[in-house]
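>>> predicted structure and sequence below. I'll ask about it afterward.
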Amino acid sequence: MSVSTAKEARPAIVRVAGVSKRFVMRKDNSLKERIVTLGRLGRRHREDFWALKNLDITIEAGTTIGLIGHNGSGKSTLLKVIGGIIDPTSGVVERRGRIAALLELGAGFHPDLTGRENVYLNASILGLSRETTDERFQDILDFASIGEFIDTQVKFYSSGMYVRLAFAVAVHTDPDLLLVDEVLSVGDEAFQRKCLDKIREFQKEGRTIVLVTHSLSQVTEMCSRAVLLNKGEVVFDGNPRKAVSAFRDILEDRRISDEATVAAHKDIPVVASGQVVEATVHSVDLDNRDGVHPGDDLQIDIKLQHPTGLDNWMCAIQIDNAMGQVIYGTTTKRLAIELPQLKGELDVQFILRNTQFGAGKYFINVSLMDLSGTHLHDLSQACSFDAPDYTLAAGTLHAAPEFKLLSA
C-alpha cells in the first residue's frame, strides 16, 4: 500500500458538522435588575454571543491538530464541544475512542478529595478499572512529582501541582484522543518539557492530539495540521506554517485597528533641558512590500518633523519578532553620522544590507532621541514585514544548513 493510500485510509476519530455555540450575555448585573427586567423587557438586557459559527472539521486518527487564534476566537469552546464538556447549540459532534481532556485548571478534580482519591475518581470516569489504576498509580505519581502532597486535599494545591497531577492522570489512561488547552503554560519549564516529550511519545504511538496553544513555534514544530479560528469561524485549515502566517496577519490587522481606535489619545509631552520637545517621527515606510527574503536589502524610509529646530539629535531603529524579542537595532550615533539641524520635515533612510531573517513576522520601531539617549518621540511597531517560510530550519536567523558524515 502506498503512503498516500495509507493516509487516506485513516479513520476519522472526530467529526464536527455544522456546529455552532451560542452564549447569552446578560447586561443586568444584580438580582434586583433581573427582577425588574423580567419578561419582554428582559430581552433588552440580554445579548447573544456566538462563540462558534457553523464549523465543519474532521480529525483523523493519528494526527496532531493545533487550534490557534486570538483570545475570544472560539478555541477553548471548540475543544470543550469536542470533549463533550458542553453541548453545541446546533450541529453534530461524533467521537470514537477514549478521550482525555485537559481543558481548565482543576477541571474534573473534587477540591475536598485528596490527590490520591482524585486519581482513582478521574481514572474511573475515563473507564479504567481499580485494578488497572492500581498498576499505573506509581507511574502517575512519578510523572506528577508532587510527592507526599498526593494525600493532601487538592484545594490546597498550587496551580502547578494541579496541572502536574491532571496531566499525569490524563496521559496514563491510554487515551485515543488527547485534548490539551493552554493549561500547560502554568507548569514550570522542566515540567513543560516533560509534557511535550510525552506528547511526542503519543505521536509516535499513533494517538490523536488536539492542542490549543499561544506558542506558535509549538504549532509549527509539533502539529501535522493547524486550524485557525477568528470570531468563531474557521479561516484556515491546513499546513501549520501557513496557518501561523495567516494568524500573524490577523494579529497585525487587529493591532492597526486598535491603534486607530486610540488615535485620539494625546502623547505626554517630553521635556528635555526644561523645555517641551515637539519632535515627532511622522511616518515610517518600507520599500520591501512583498516581504524580505534572505539576501535582500531592507530599506526603511522615515519622515521626521520639528517645528522650530532641533540640534544634537539621533535616530534609532529596532526590529522585534512576533514574540517581542529584539532581533536587531542601531542608531545614527552608532554609525557616527553627523546630522544637520532638524527643522520642519526631514526624510532619512536606513538600509540593512544582505539581511538573513528567519521565517516569521517582524516589527519595526523608530525613535527620535537626543544624544544623551532621552527619547523625544517613539513610533512603536510603525510597520511590519514577513520573511518567507523555510522548510529546512526554524528560528529568527536564516542560514542554509549542511550536514556531513565524517566517519562511518
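Noted; the coordinates are in hand.
>>> can you name the residues that contact I317?
In this structure, I317 makes contact with I300, I302, Y328, G329, T330, T331, F350, I364, N365, V366, S367, judged by CB atoms under 8 Å, 6 or more residues apart in numbering. (Glycine included, C-beta is placed from N, CA and C.)
>>> what sits closest to the fourth one if chain neighbours are left out?
The one in question is G329. Once flanking residues are discounted, G329 sits nearest to Q318: 4.1 Å by CB to CB, 6 or more residues apart in numbering.
>>> was I right to think P111 contacts T152?
No - in terms of CB atoms under 8 Å, P111 does not count as a neighbour of T152; the distance is 11.4 Å.
>>> and these two? which has more neighbours close in?
Between P111 and T152, counting by other CB atoms under 10 Å, T152 is the more crowded of the two (14 against 11).
>>> wait, that one sits on E117?
No - contact criterion CB under 8 Å: T152 and E117 do not qualify, at 10.6 Å.
>>> reformat the contacts of I317 as TSV; add neighbour count and pLDDT.
As requested, the contacts of I317 are exported to TSV (neighbours: other CB atoms under 10 Å; pLDDT from 0 to 100):
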residue	neighbour count	pLDDT
I300	21	95
I302	21	95
Y328	16	95
G329	13	94
T330	14	95
T331	17	95
F350	19	96
I364	23	92
N365	19	93
V366	24	94
S367	19	93
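>>> pull the most distant pair out of the residues you listed.
With CB to CB as the measure, no two of the contacts of I317 lie farther apart than I302 and Y328, at 15.5 Å.
>>> any idea which helix or strand of this structure has the worst average confidence?
When the helices and strands of the chain are compared on mean pLDDT, DSSP states H and E, helix 3-8 comes out lowest with a mean of 46.
>>> what packs against whatever helix or strand comes next after that helix?
Towards the C-terminus, the helix or strand next in line after helix 3-8, according to DSSP states H and E, is strand 12-26. Using 3 or more CB pairs under 8 Å, 6 or more residues apart in numbering; DSSP states H and E as the contact criterion, the neighbours of strand 12-26 among helices and strands are strand 46-60, helix 75-83, strand 90-95, strand 208-212.
>>> cutoff 6 Å now
With contacts defined as 3 or more CB pairs under 6 Å, 6 or more residues apart in numbering; DSSP states H and E, the packing partners of strand 12-26 are strand 46-60, strand 90-95.
>>> show me where the stretch 101-250 of the chain has strands.
Secondary structure of the stretch 101-250 of the chain, counting by DSSP state E, counting those that start in this stretch: strands at 177-180, 208-212, 225-230, 233-238.
>>> turn those strands into JSON lines, columns for mean neighbour count and distance to A12.
Below are the strands of the stretch 101-250 of the chain laid out as JSON lines (neighbours: other CB atoms under 10 Å; distance: least, CB to CB, whole Å):
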{"stretch": "strand 177-180", "mean neighbour count": "23", "distance to A12": "11"}
{"stretch": "strand 208-212", "mean neighbour count": "24", "distance to A12": "10"}
{"stretch": "strand 225-230", "mean neighbour count": "23", "distance to A12": "13"}
{"stretch": "strand 233-238", "mean neighbour count": "16", "distance to A12": "14"}
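>>> quick one on the thing from earlier: just to be sure, the residue nearest to G329 is in a strand?
Yes - secondary structure assignment (DSSP: H, G, I helix; E, B strand; the rest coil) places Q318 inside a strand.
>>> what's the spacing between E205 and L392?
For E205, the distance to L392 equals 28 Å [CB to CB, to the nearest Å].
>>> one more: K53?
Computed with CB to CB, the distance linking K53 and L392 is 38 Å.
>>> neighbour count winner among the two?
The residue with more neighbours, out of K53 and L392, is K53; 17 against 8, by other CB under 10 Å.
>>> for the more buried one, which non-adjacent residue is closest in space?
The shortest distance from K53 to any residue that is not its chain neighbour, by CB to CB, 6+ apart, is 4.4 Å, and that residue is G232.
>>> for the one residue sitting closest to the centre of the chain, what are phi and psi?
Among the residues of the chain, the smallest C-alpha distance to the mean C-alpha position (CA atoms, centre = their mean) belongs to H214, namely 2.0 Å. Here is the backbone geometry of H214 (degrees, to the nearest 10): phi -100, psi 0.
>>> neighbours around I327, how many?
A count of neighbours around I327, defined by other CB under 10 Å, yields 15.
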